[in-house]
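Colleague: return a 3D structure for these sequence lines:
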Amino acid sequence: LLAATAPAPEPRPDDEAQRRSVAAAVRRAIAGLSPEHRAVLLLREYHDLDYPETAQALQIDLGTVKSRLSRARAALREALLEVAHE
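Modeller: Next comes the predicted model:
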């Protein structure tokens, strides 16, 4: 019970710097995507549209949404792995 009511530890300055660094890396990785991949990713992950809604918004086939999203996620993973190994 005491652990549940204990105040959260104060964030350390280096934690905030790391969060900013990761956020900047994610923004760069998203900006590096092709416009088609970026549009699908942002509609799905940021705007929380489901696949059919994304397809309708972009006027593309459902299969195209799925393939573009898969490629966008793979490109992001690769870009962020490169940043992690710097």
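Colleague: which residue ranges of this structure form helices?
Modeller: 2-5, 13-31, 35-41, 51-58, 62-84 (DSSP state H).
Colleague: where in this protein is pLDDT low?
Modeller: With pLDDT under 70 as the threshold, the chain has low-confidence stretches at 1-9, 11, 13, 86.
Colleague: what is the neighbour count of residue 67?
Modeller: For residue 67, the count of nearby residues is 14 (other CB atoms under 10 Å). C-beta coordinates here come from the backbone N, C-alpha and C atoms, glycine included.
Colleague: what do you get for the one 3 residues further on?
Modeller: One way to gauge burial is a neighbour count; for residue 70, by other CB under 10 Å, it gives 12.
Colleague: sorry, back to before: tell me the most buried of the helices of the chain?
Modeller: helix 35-41 (a mean of 18; mean count of other CB atoms under 10 Å).
Colleague: pull the distance from that helix to the chain's centre.
Modeller: 12 Å (CA atoms, centre = their mean, to the nearest Å).
Colleague: what packs against it?
Modeller: Judged by 3 or more CB pairs under 8 Å, 6 or more residues apart in numbering; DSSP states H and E, helix 35-41 is in contact with helix 13-31, helix 51-58, helix 62-84.
Colleague: and these as CSV, adding distance to residue 41?
Modeller: Converted to CSV, these look like this (distance: least, CB to CB, whole Å):
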stretch, distance to residue 41
helix 13-31, 7
helix 51-58, 10
helix 62-84, 4
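Colleague: nearest to residue 43, out of the ones you listed?
Modeller: helix 51-58 (4.6 Å; CB to CB).
Colleague: and the closest one with helix 62-84, angle?
Modeller: Here helix 51-58 runs at an angle of 90 degrees relative to helix 62-84 (axes from the mean of the first three to the mean of the last three CA atoms, to 10 degrees).
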